[in-house]
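1. Please work out how this folds:
(chains A and B)
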Amino acid sequence: MTPHSTLTERYVAAAVRSLPENQRDDVERELRASIEDDIDARIESGVSSDAAERDVLTELGDPSGLAARYSERPLYLIGPTNFLVYRRTLVLIVSMVAPIASIASGAAHALAGDAIGEIIASVVVTAFTSAIQIAFWLTLVFAVLDWSGASRRGPLVPWTVESLPDVPERRAQLGDTIASLVFLGLAVAFVFYQQFLPVAWNREGAVDAPLLDPALWSSWIPVILVLMVLEAVSTIVKYRAGGWTWPLAILNIVLASAGGAVVAVLALAGSLYNPAFFAAFPWGTSAGILGVIAVGTAVLSIVIALWDAIDGVVRTARMPRGSRA
Amino acid sequence: MDDVTAQHLQELRRGTVVLACLVTLERADYGYALLESLATAGFSVDANTLYPLLRRLERQGLLMSEWNTEDARPRKFYRTSADGRELATLLRRDWDALHTAISDLTEGTSS
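-> As a prediction, this is how the structure comes out:
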């Protein structure tokens, strides 16, 4: 044994530890001989024995990496063969299960009569933990597939031309148009609905007071309704024109900014919501909570308006040349 | 040499290491000595790539091995098997075909 056997011994032991029993002795003997050959050659060329040993082992690298090469085990969790299947499955399951689970959890807390804060917390925590759980178990399953060599036979779900999605513009145009019209219809319906029918319940039963300040019917609610109708008309015009054009994008910016600004200013001025509506709840008279609701509404309406305006511009810029004139 | 060049060179040479091993091991040799002779011939293979590669080629029946315990340090000697020789011939033929194809392409573009 050479005097510097310790590091080499430790290296060889670490490298062969995870190898199958029947290979271990053979690899160990060969690897030790190779390392010692290399060390001797370096000592002969004038390097000190300690430095030579360190250099040789450093060049061989992490012993676990060497062991993986000997046993031809992958050095990744999920390889390229199944990575796309893994990512698609993960996105699909998380986007389906997490919302359902979090809404169910929120509904359970609401039915149990818990405070609003508790309900929101349960929704957020459930969404987060269900996503984490799904990601963990799915990653584990795919990692075992790779580790066991099952991925060598090719992807679990082979790709075929049939799985090609529709061309984004055509599919998006019809989908977007229907989604926008349905959303606008629901919004208009809600404005009327909340005036005459209850939208919330407290411990005594339905809250009869409207959510929006009834004084707005003679001032800003008509303006908001007109903006929504104009938005619906421009959506239909856009579909019939075959997609976004620059005039429509500019009209969209104007409508979005006007709507966002009206709602935000009314919310900040404290004249959007009906004070009688919030007074039906034990927390509804706290200036702090009403302030948070006002600022939250303002921020949300501005963010939605900005997103809507930018989305229109981006989609117009992405339209094929010649069709957006 | 910049990273891109180094990467392309490495990719071009990756497959040739097997051929170089099969050709060199017509005369039996052990791991470290093979590493040295490959380096001398211009194939700079990392030790941590070569040693596992020799075992893989042996498992595939392209190399045979034998322990030599006559020296003070016992060493595992590898030698190209009949299958290995057959593969080497095939790889060389492919190598020549590639060389011809590349030459043809080069002449085609310059004329």
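2. Need the three-state assignment for B:Lys76.
-> strand (DSSP: H, G, I helix; E, B strand; the rest coil).
3. Quick check: it touching B:Glu66?
-> Yes - contact criterion C-beta atoms under 8 Å: B:Lys76 and B:Glu66 qualify, at 7.5 Å. Any C-beta I mention is one placed from the backbone N, CA and C, and that applies to glycine too.
4. Pick out whichever of the two has more residues nearby.
-> The neighbour count for B:Lys76 versus B:Glu66, taken as other C-beta atoms under 10 Å in any protein chain shown, is higher for B:Lys76 (21 against 11).
5. How much space separates A:Arg73 from chain B?
-> Using C-beta to the nearest C-beta, to the nearest Å, we find A:Arg73 at a distance of 11 Å from chain B.
6. Do me a favour and get the backbone dihedrals for B:Gln60.
-> Main-chain dihedrals, B:Gln60, degrees, to the nearest 10: phi -80, psi 0.
7. Any idea how many residues pack against it?
-> B:Gln60 has 13 nearby residues by other C-beta under 10 Å.
8. Disregarding flanking residues, what is the spatial nearest neighbour of it?
-> B:Asp83 (8.0 Å; C-beta to C-beta, 6 or more residues apart in numbering or on different chains).
9. To what extent is the one you found buried, counted in neighbours?
-> For B:Asp83, using other C-beta under 10 Å, the count is 15.
10. now do A:Gly291
-> Residues near A:Gly291, counting by other C-beta under 10 Å, number 12.
11. And the pLDDT at it?
-> Note on A:Gly291: pLDDT of 85.
12. Is it in a helix, a strand, or coil?
-> At A:Gly291 the chain is in helix, as set by three-state DSSP.
13. hang on, the earlier thing: wouldn't the residue nearest to B:Gln60 be in contact with B:Arg59 here?
-> No - between B:Asp83 and B:Arg59 there is no contact under C-beta under 8 Å: 11.9 Å.
14. need the contact list for A:Ile103.
-> Taking C-beta atoms under 8 Å, 6 or more residues apart in numbering or on different chains, we find A:Ile103 in contact with A:Val123.
15. and the gap between it and A:Ser122?
-> For A:Ile103, the distance to A:Ser122 equals 10 Å [C-beta to C-beta, to the nearest Å].
16. go on, A:Val91?
-> 24 Å.
17. Tally up the residues packed near residue 18, please.
-> Just going to use chain A. Neighbour count for A:Ser18, taken as other C-beta under 10 Å: 14.
18. hm, I was asking about chain B
-> A total of 18 residues lie near B:Val18 under the criterion other C-beta under 10 Å.
19. and it, what element?
-> Taking DSSP states H and E as the definition, B:Val18 sits inside helix B:16-24.
20. Tell me how far that helix lies from the chain's centre.
-> Helix B:16-24 has its C-alpha centroid displaced from the chain centroid by 2 Å (C-alpha atoms, centre = their mean, to the nearest Å).
21. so does the helix or strand just after that helix get close to chain A?
-> Counting by DSSP H and E, the next helix or strand C-terminal to helix B:16-24 is strand B:29-30. Yes - Strand B:29-30 lies within reach of chain A by C-beta under 8 Å from any C-beta of the partner chain, at B:Tyr30.
22. on contacts alone, who are the packing partners of strand B:29-30?
-> helix A:21-44, strand B:75-80 (3 or more C-beta pairs under 8 Å, 6 or more residues apart in numbering or on different chains; DSSP states H and E).
23. which residues in the stretch 51-200 of chain A form helices?
-> Along the stretch 51-200 of chain A, the stretches classed as helices by DSSP state H, counting those that start in this stretch are A:63-71, A:80-111, A:116-147, A:168-196.
24. winner for burial among those helices?
-> helix A:63-71 (a mean of 17; mean count of other C-beta atoms under 10 Å in any protein chain shown).
25. which helices and strands sit right next to it?
-> The contact analysis (3+ C-beta pairs under 8 Å, 6+ apart) places helix A:63-71 against helix A:5-16, helix B:47-59.
26. Out of those helices, flag the one nearest A:Ser271.
-> helix A:5-16 (72.2 Å; C-beta to C-beta).
27. in the closest one, what counts as buried?
-> Buried residues in helix A:5-16, defined by neighbour count with 16 or more other C-beta atoms under 10 Å in any protein chain shown: A:Thr8, A:Tyr11, A:Val12, A:Ala15, A:Val16.
28. Are that helix and chain B in contact anywhere?
-> No - Helix A:5-16 stays clear of chain B (C-beta under 8 Å from any C-beta), getting no nearer than 9.5 Å.
29. Residues in contact with that helix: which ones?
-> A:2, A:23-24, A:27-28, A:31-32, A:35-36, A:39, A:53-54, A:57, A:60, A:63-64, A:66-67, A:70.
30. got a pLDDT number for A:Pro168?
-> 62.
31. Please list all residues in contact with the closest residue to B:Gly84 other than its chain neighbours.
-> Spatially, and ignoring its direct neighbours in sequence, B:Gly84 is nearest to B:Leu62 (3.6 Å; C-beta to C-beta, 6+ apart). Shown in contact with B:Leu62 (C-beta under 8 Å, 6+ apart): B:Leu22, B:Thr80, B:Ser81, B:Asp83, B:Gly84, B:Leu87.
32. burial measure for the nearest residue to A:Asp146 once chain neighbours are set aside, as a count.
-> Closest residue to A:Asp146 apart from its sequence neighbours, by C-beta to C-beta, 6+ apart: A:Gly79 at 5.1 Å. By other C-beta under 10 Å, the residues close to A:Gly79 number 17.
33. How about A:Glu204?
-> By other C-beta under 10 Å, 7 other residues sit near A:Glu204.
34. What is the burial count for B:Thr69?
-> Neighbours of B:Thr69 (other C-beta under 10 Å): 10.
35. how much space between it and B:Tyr51?
-> From B:Thr69 to B:Tyr51 the distance is 19 Å (C-beta to C-beta).
36. Surely A:Ser18 is in a strand?
-> No - looking at A:Ser18 with three-state DSSP, it is coil, so not inside a strand.
37. How about it: what's its closest non-neighbour residue?
-> A:Ser18 sits nearest to A:Ala67 (C-beta to C-beta, 6+ apart), 5.0 Å away.
38. Does that neighbour touch A:Arg17 like I think?
-> Yes - using C-beta under 8 Å, A:Ala67 makes contact with A:Arg17 at a distance of 7.2 Å.
39. which residues touch A:Asn60?
-> Slight slip there: residue A:60 is Leu, not Asn. Each residue near A:Leu60 by C-beta under 8 Å, 6+ apart is listed here: A:Tyr11, A:Ile35, A:Leu66, B:Ala47, B:Asn48.
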